[in-house]
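Asks: pasted the sequence and its predicted model underneath.
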There are 4 protein chains.
Amino acid sequence: MDRSVTLYRHVDKQKLILDAALKLFVEYGFHGTPTSKIAQEAGVANGTLFHYYKTKDDLVVGLYNEIRSELSEATSSITHESEFITPKFKNIFIHTLYWALNNKEKFYYLQQFHISPHAAKISNEAILQQDQVQTKLIAEGIRKKLMRQIPAELIFTMFNSQLFSIYQYLTSAEFTQEEQERIINETYQMTWELFKYN
Amino acid sequence: MDRSVTLYRHVDKQKLILDAALKLFVEYGFHGTPTSKIAQEAGVANGTLFHYYKTKDDLVVGLYNEIRSELSEATSSITHESEFITPKFKNIFIHTLYWALNNKEKFYYLQQFHISPHAAKISNEAILQQDQVQTKLIAEGIRKKLMRQIPAELIFTMFNSQLFSIYQYLTSAEFTQEEQERIINETYQMTWELFKYN
Amino acid sequence: MDRSVTLYRHVDKQKLILDAALKLFVEYGFHGTPTSKIAQEAGVANGTLFHYYKTKDDLVVGLYNEIRSELSEATSSITHESEFITPKFKNIFIHTLYWALNNKEKFYYLQQFHISPHAAKISNEAILQQDQVQTKLIAEGIRKKLMRQIPAELIFTMFNSQLFSIYQYLTSAEFTQEEQERIINETYQMTWELFKYN
Amino acid sequence: MDRSVTLYRHVDKQKLILDAALKLFVEYGFHGTPTSKIAQEAGVANGTLFHYYKTKDDLVVGLYNEIRSELSEATSSITHESEFITPKFKNIFIHTLYWALNNKEKFYYLQQFHISPHAAKISNEAILQQDQVQTKLIAEGIRKKLMRQIPAELIFTMFNSQLFSIYQYLTSAEFTQEEQERIINETYQMTWELFKYN
DNA sequence: TATGAATGAGGTTTCATTCAT
DNA sequence: AATGAATGAAACCTCATTCAT
């Protein structure tokens, strides 16, 4: 009885910890953020954090996986909307960009994680599996002579760098909604020109 | 001449420290590398490190500046060879890429540094001053209608990302000297197509 | 009652740390006493000390406040026994002296602290508040023409120095209980003569 | 030739070191003052300090002895002016007080030194020898029934505490020259009353 | 599940002192 | 006599992690 009331109040402590970790990791870096500070920010006891994550590294990786899945969902769900390659390609471009712009902290965390020594700890499989969705799409585009006849991995790498640089440009200054949209469209055209079969 | 004699006797401890720091930072990250290990690797006493750099952070930033100047020299000296923009542009592209390939640790260190919280500590001026050489070149290209009529900063950002992604591709697998050259040339063509005035 | 049981099981580590700190600070001085030695002497881990006191300085000040309150209690509780000034004055004199003789280490620590740069860190208020009990008593004595018509602060300062010098004399050699009592009584007479309204 | 010129410019580095040490020790304490800072303040090289004083402790003690002699001279030279005890006593009182007021840093250093563990390192003889001048004078006063029939050591201790407390009072606030003189005279009367044979 | 006092290894930095010049 | 780069022991403090409650 009283319990049902409590249930409504109950907040998932694990979620609180992840949120706190994201915020602090992004602001102070992995090593600049003690677990005690994370617990404090999350409003839980120091030891509680270690109930959910055996070690600090576990938390770092766990948070990465969490965010990574989120990004995957945001882009992959859309990918299936069309069966043609070109619009799929555009969808990935645009949705990744918007997701990044709407989840700056999370996007930044992904960067942070990738260059950290933690990145080595995550199984390459897990990463590749997610990347392969895109790589396969590109490979198909090459095979069907819709895209340049160069290695799919090269296009994949350039494509992602392209995305990242546009993201950087968009966040380097204040743009209106319209300007932003225009830039995204223009840069998408450029990107497609870069990769399309001429 | 007297100097050459001195050089053999006198070992520059500061240089030894920088070399050791680069090696270890790249391998274990900033926080994974205790100053004691750096001193040990450099073959100097722990205190000596702090004789040259007041704090560990000072060393991190000092090393960055050192490498950054090196890269600047490697590219800027070449840039003046021609007075035309197009070959200058190509020179920067190619020399940066070769410098990166020949100085992988240093290039990796620059990445590491840029996403670290240390990056904030360096005066933006110092960075901008070096970047502006390139940004100005691009701006000139735009003005002379040799390049696309989009913001110079956008081209600058995309250009560097492009460089980085090609570097990543070249180091992701073993290529022969010839293959490497061919890839560099082809990707330069692509890059130029991307930015040139159509 | 439950409490007495707990007392036997539970050892207050903070108390152990304070005791150890007092002993070592008095013997070796603030800087001659590493925090590691304090922890060791207290039988706790090094980190435990910093669990209770953020810094070594905090410990130094914390110990001072602790002892200072003890001394205050030892004298102020007695002070209220009489409503006349003269016996109150004598009470302070005698009880301070006895407290000092029975708590030599603590009394010495107070000296040590007062001339150290730490003294500046303690809020003057805290000190004044405790001193004002005595200063007010003296001011009252002056107003009622029981004491010399000179500034209360001067009497206060001289009074404390007097106390300190007698303490020094009493501890400079071995005196029997009787001799000690006689000296205290005689010097009290001298002190009173010094300050009383003639 | 040039040399004679240099001679005039030459400043005693040992003196510079002592001056710097006094200033810094008084401000930051013994342990708060690194030898490097002393050398810097003195305008000499780090190693130079260790030419004059084998260790830092040597410097601390050396500075103490220096100041102690200065104080001795300031008072003892005057002491011989009269052959009567009473004026001698007054002379010591007044000259010590004025010396302290005119040499606040040095006087403070003496306090600092006395409660420090360094005090133990100095031979008791050296101290006693200087103190005995005063103790003997007091003993003579007692023998000649000019002073109270209590131990000379007790009077000596109380006398010095008295001096110190008056010094403290005089420096606790801003007094005019006249006020100062009046306070010194009045407190001397009080002090003499305290010790004189009644 | 949740707590937070307790731990102690390990990190950064200081600094008295040495010594080759 | 004077220098200041070099040393390395030792200090303070942090923080991931454990565990009794």
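Replies: All right, it came through fine. Residues are numbered from 1 along each chain as shown, chains lettered A, B, ... in the order given.

Asks: gap between A:Lys13 and DNA strand E?
Replies: From A:Lys13 across to DNA strand E, the span is 5 Å (Cβ to the nearest atom of the strand, to the nearest Å). Yep, even glycine has a C-beta here, placed from its N, CA and C like the rest.

Asks: sorry, that was for A:Leu110
Replies: Here A:Leu110 is placed at a distance of 26 Å from DNA strand E (Cβ to the nearest atom of the strand).

Asks: quick one: that residue and A:Tyr64 touch, right?
Replies: Yes: taking contacts as Cβ atoms under 8 Å, A:Leu110 lies within contact range of A:Tyr64: 7.3 Å.

Asks: tell me which of the two has more neighbours.
Replies: When A:Leu110 and A:Tyr64 are compared for neighbours, A:Tyr64 comes out ahead with 23 against 14, by other Cβ atoms under 10 Å in any protein chain shown.

Asks: residues near the closest residue to A:Ile142 other than its chain neighbours, how many?
Replies: Ranked by Cβ to Cβ, 6 or more residues apart in numbering or on different chains and with sequence neighbours excluded, the top spatial neighbour of A:Ile142 is A:Ala152, at 5.9 Å. The criterion is other Cβ under 10 Å. On that basis, A:Ala152 has 19 neighbouring residues.

Asks: pull the CA atoms of the strand or helix carrying A:Gln40 into PDB?
Replies: When secondary structure is defined by DSSP states H and E, A:Gln40 falls within helix A:35-42. Extracted as PDB, the C-alpha positions of helix A:35-42 are listed here (Å, rounded to 0.1, in the frame of the first residue of the first chain):
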ATOM      1  CA  THR A  35      33.700   7.900  -8.500                       C
ATOM      2  CA  SER A  36      32.800   9.700  -5.300                       C
ATOM      3  CA  LYS A  37      31.900  12.800  -7.300                       C
ATOM      4  CA  ILE A  38      29.700  10.700  -9.600                       C
ATOM      5  CA  ALA A  39      27.900   9.200  -6.600                       C
ATOM      6  CA  GLN A  40      27.400  12.600  -5.100                       C
ATOM      7  CA  GLU A  41      26.100  14.100  -8.300                       C
ATOM      8  CA  ALA A  42      23.800  11.200  -8.700                       C
END
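
Asks: do the next helix or strand after it and DNA strand F come into contact?
Replies: Beyond helix A:35-42 in the direction of the C-terminus, DSSP H and E gives the next helix or strand as helix A:46-52. Yes: counting by Cβ under 7 Å from any atom of the strand, DNA strand F is contacted by helix A:46-52 at A:46-47, A:49-50.

Asks: ok, residues contacting helix A:46-52?
Replies: A:13-14, A:17, A:35-36, A:38-39, A:42, A:59 (Cβ atoms under 8 Å, 6 or more residues apart in numbering or on different chains).

Asks: of the residues you listed, which pair is most distant in space?
Replies: A:Gln14 and A:Ser36 (17.4 Å; Cβ to Cβ).

Asks: more crowded one of the two?
Replies: Just comparing A:Gln14 and A:Ser36: by other Cβ under 10 Å the higher neighbour count belongs to A:Gln14, 17 against 11.

Asks: alpha carbons of the lengthiest helix in chain A, as CSV, please.
Replies: The longest helix of chain A (DSSP state H) is helix A:56-79. Listed next in CSV are the C-alpha coordinates belonging to helix A:56-79 (Å, rounded to 0.1, in the frame of the first residue of the first chain):
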residue,chain,number,x,y,z
LYS,A,56,35.0,2.4,-12.6
ASP,A,57,36.1,1.1,-16.0
ASP,A,58,32.9,-1.0,-16.1
LEU,A,59,31.0,2.2,-15.7
VAL,A,60,32.9,3.9,-18.5
VAL,A,61,32.4,1.1,-20.9
GLY,A,62,28.8,0.6,-19.8
LEU,A,63,28.0,4.2,-20.5
TYR,A,64,29.6,3.9,-23.9
ASN,A,65,27.5,0.9,-24.8
GLU,A,66,24.4,2.7,-23.6
ILE,A,67,25.0,5.7,-25.7
ARG,A,68,26.2,3.7,-28.7
SER,A,69,23.0,1.7,-28.7
GLU,A,70,21.0,4.9,-28.5
LEU,A,71,22.8,6.3,-31.6
SER,A,72,22.3,3.0,-33.4
GLU,A,73,18.6,3.1,-32.8
ALA,A,74,18.3,6.7,-33.8
THR,A,75,19.8,6.0,-37.2
SER,A,76,19.1,2.3,-38.0
SER,A,77,15.3,2.6,-37.4
ILE,A,78,15.2,5.2,-40.1
THR,A,79,17.4,3.3,-42.5
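
Asks: run the chain-centre distance for that helix.
Replies: Relative to its parent chain, helix A:56-79 has a centroid offset of 6 Å by Cα atoms, centre = their mean, to the nearest Å.

Asks: give me the angle between that helix and helix A:35-42.
Replies: Note on geometry: by axes from the mean of the first three to the mean of the last three Cα atoms, to 10 degrees, helix A:56-79 and helix A:35-42 are set 50 degrees apart in direction.

Asks: give the buried residues for helix A:56-79.
Replies: A:56, A:59-64, A:66-68, A:71, A:74-75, A:78-79 (16 or more other Cβ atoms under 10 Å in any protein chain shown).
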